[in-house]
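Engineer: Need the 3D shape of this:
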Amino acid sequence: MSEKENKNYNFEEAFGKSCFTDYQLQNRLPKSCYKALLAVGSGEKPLDLQTADVIATAMKDWALENGATHFSHWFHPLTGSTAEKHEAFIVPQKDGTVISEFSGKELIMGEPDASSFPNGGLRNTFEARGYTAWDTSSPAFLKKNSANSLVLCIPTVFVSYTGEALDKKAPLLRSMAVVSKQAVRVLQAIGEKAVSHVDSTVGAEQEYFLVSRELFNNRPDLRLTGRTMIGSMPAKGQELEDHYFGSIAEKVSAFMAELNEELWDLGVAVRTQHNEVAPNQFELAPIFSSSNLATDQNQITMETLKRVAERNDLVCLLHEKPYAGVNGSGKHNNWSLSTNTGVNLLDPGKNAEDNRRFLLFVAAVLKAVDKYAALLRLTASSAGNDHRLGANEAPPAIISVFLGKEMEQSLADFAGGKSQVAQSQNVIDVGSPFVPDLPKDNTDRNRTSPFAFTGNKFEFRMVGSAMSIADPNIVLNTAVAEILAEFADVLEKSPDVNKTIQELVAKVYSDHKRVIFNGNGYADEWQEEAAKRGLPNLKNTPAVLPTLLSSPVTELFEKHEILSKEELHSRYEIRLETYNKLLNIEALILEEMANTGVIPAGQKQLASDVKSICRQEKLGLNVAQQKNRIGTVNDLLEEIIELSCRLNTVRRESEAMSDDLQRQAEFVYNKMIPLMEDLREQIDGLEHLCDRRTWPYPSYEELLFTL
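Structural biologist: Numbers count the residues shown, from 1 in each chain. Okay, here's the model as predicted:
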């Protein structure tokens, strides 16, 4: 967008203009039709075809007015990304002309090929039928595929012919309904009769790297895996801590301005943007919305990041660890619960009654996180995120909850029977008459905690930057719903609700305080302390994935009708298969780079050095140091050749295990990954000794410090 166009951009007028929002529905639908749609959303009645036809026509007219030519059911298959099949609005007529048409039936249901997506054994190749069904809770939107291509995208769920969920949206919607139902039970049991619905809300912070498209295109590892398989650290990394919140470079600022405008047009309320810790790393954060909408909008954000970057001769890297030696990228999932009466249930109250409710819900979250820690850890597991967790700014693989000393003391006091009143807010006196006193939060922030209370929400910081936030929110909603159901069963029979609340909180604090940790999650001592407390420490994806098949997890999801045993097993198989395939691709590209780029470059350097020494010896110069250097280069080359051959052998061994995915994954983690790391170490050592003009790939210095 030009500077002139940018000056004319009015975000208040433009916000949501590419979304078929509630505003559009109210203005384009007859009142009776709009009321019928609201009744569908509240569960009062199903959507009838007549109403759907009216909505479809209004949606089509709006899309055509804005320049769209196609529509698509947009869904979240188990790949972790999104999918769409475009259909033109065109309907040929007998006289050779065409008209535009979009029916209620087409709006409600689509039929993509179910066997061509990951299904984990739920479908056979010859059983191809699958259905997409309109999610009326998430607005349709117009997606730009190019300057001349605009598609109406309709958010949907994706299920098989026999009804199994083949996507992430269906179980997410189910989990939202379950946590709402159980939270309402609790609230009505404690006297809050006006509450009829509770929404799980999320704000998903998104970290990412940017790199020059030219440099990216010259790195086959980045192109094919999203991360650098080789690359030695430059003299300067992030150790000076000068990038975080630093002045944003002009080219990046222009990219961000264009990104913001496109996201605002799509109704994504991104508000925060800044430089992150690592060079060329950045972050954006939206305002909270319902879990379902937040999940859709985070997928839209990731797609838009990539698309806008391309238009600016950049590439957006969403891999959790694109560069070794500097911070990786995460996606902080800020989760809370809000009532239809406008109350955030995780916001400390201003009086004793509100505080009782607040501590009751905090206790439910504590118990849920401790009881289902392995399951929550699983939602942040992937081949990419295994590189990140426990390194630099990322939390360790141990699930713990940070409350802060004051919050934990309040919980302990209440559990002990002390009267709970609102805390007075402290202030920070900066010491200058020109600076006003600062209101001080009751809790600090703990960047080393994977699950931290941050004032009015819990921040789950383990999720990887490339991952869908659907999985962690499905687990949080379902696990918390299970504990709230337990609370409701007791409270609904209680003759003294306030006493029962205190007893419930006291028992949770006594039984589950082991999960509370307010210290440094990076410290070695915490690993030892966590083991003493009995907290699971599942350090990698193969170790954590069998959790999906455990009895407690199966019982939890089947009890609340979120996922069946078969659906859970399919996800287990898909996650394992994806892990194995990704690591196989990484091993292949590492072999290729070693054999076709690194080894020839090293040999060329060796030949050049030998020739140089011969010339110097003829002149009678001392070449002892140069010979030592040649010896080092030669040793590294021999080691690289040997390790590359061994990697090839081990990779083929891994491929032969494809009939036992768990065994294959464990072999990959224990045998193949260490070999890949050894090979990389030798290659990175060689890079330091090679002429930059000889080295075949852009260096870390170029990748991290040129934009």
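Engineer: Buried residues of stretch 67-79, list them for me.
Structural biologist: The neighbour-count check on stretch 67-79 (16 or more other Cβ atoms under 10 Å) flags 68, 69, 70, 71, 72, 73, 74, 75, 76, 77, 78 as buried. C-beta here means a position set from N, CA and C on the backbone, and glycine is covered the same way.
Engineer: What strands flank the helix or strand hosting the fourth one, and is each parallel or antiparallel?
Structural biologist: Per DSSP states H and E, residue 71 falls inside strand 70-75. According to DSSP bridges, strand 70-75 forms sheet pairs with strand 83-88 (antiparallel), strand 149-160 (parallel).
Engineer: Name the nearest of the buried residues of stretch 67-79 relative to residue 339.
Structural biologist: Residue 339 has its nearest neighbour among the buried residues of stretch 67-79 in residue 76, at 27.0 Å by Cβ to Cβ.
Engineer: what's the spacing between that closest one and residue 302?
Structural biologist: As for residue 76, its distance to residue 302 is 12 Å (criterion: Cβ to Cβ, to the nearest Å).
Engineer: And for residue 656?
Structural biologist: In terms of Cβ to Cβ, residue 656 sits 35 Å off from residue 302.
Engineer: Mind checking which of the two has more residues around it?
Structural biologist: Counting neighbours by other Cβ atoms under 10 Å for residue 656 and for residue 302 shows that residue 302 has the greater number, 21 against 10.
Engineer: now the strands for the stretch 401-550 of the chain?
Structural biologist: Assigned strands in the stretch 401-550 of the chain, in chain order: 401-402, 427-428, 438-439, 451-453, 458-460 (criterion: DSSP state E, counting those that start in this stretch).
Engineer: rank those by pLDDT, which is bottom?
Structural biologist: Sorting those by mean pLDDT places strand 438-439 lowest, at a mean of 57.
Engineer: In a markdown table, list the buried residues of stretch 67-79 along with distance to residue 378 and pLDDT.
Structural biologist: Output for the buried residues of stretch 67-79, formatted as a markdown table (distance: Cβ to Cβ, whole Å; pLDDT from 0 to 100):
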| residue | distance to residue 378 | pLDDT |
| --- | --- | --- |
| 68 | 39 | 94 |
| 69 | 42 | 93 |
| 70 | 37 | 94 |
| 71 | 36 | 95 |
| 72 | 31 | 95 |
| 73 | 29 | 95 |
| 74 | 26 | 95 |
| 75 | 23 | 94 |
| 76 | 18 | 94 |
| 77 | 19 | 92 |
| 78 | 14 | 92 |
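Engineer: what's the strand holding residue 71 in contact with?
Structural biologist: For strand 70-75, the surrounding residues in contact (Cβ atoms under 8 Å, 6 or more residues apart in numbering) are 60, 63, 82-89, 102, 106, 110, 112, 132, 134, 143, 151-158, 167, 169.
Engineer: Can you report how many residues neighbour residue 584?
Structural biologist: 18.
Engineer: any idea of the mean pLDDT in the helix or strand encompassing it?
Structural biologist: Secondary structure from DSSP H and E places residue 584 in helix 565-593. The average of the pLDDT scores along helix 565-593 is 96.
Engineer: From the contacts of strand 70-75, list just the buried residues.
Structural biologist: 60, 63, 82-84, 89, 102, 106, 110, 112, 132, 134, 143, 151-158, 167, 169.
Engineer: shaky segments in this protein?
Structural biologist: 1-7, 114, 123-128, 146-147, 240-241, 390-394, 419-446 (pLDDT under 70).
Engineer: residue at max distance from the center of it?
Structural biologist: Here the chain reaches farthest from its C-alpha mean at residue 620, the gap being 62.8 Å by Cα atoms, centre = their mean.
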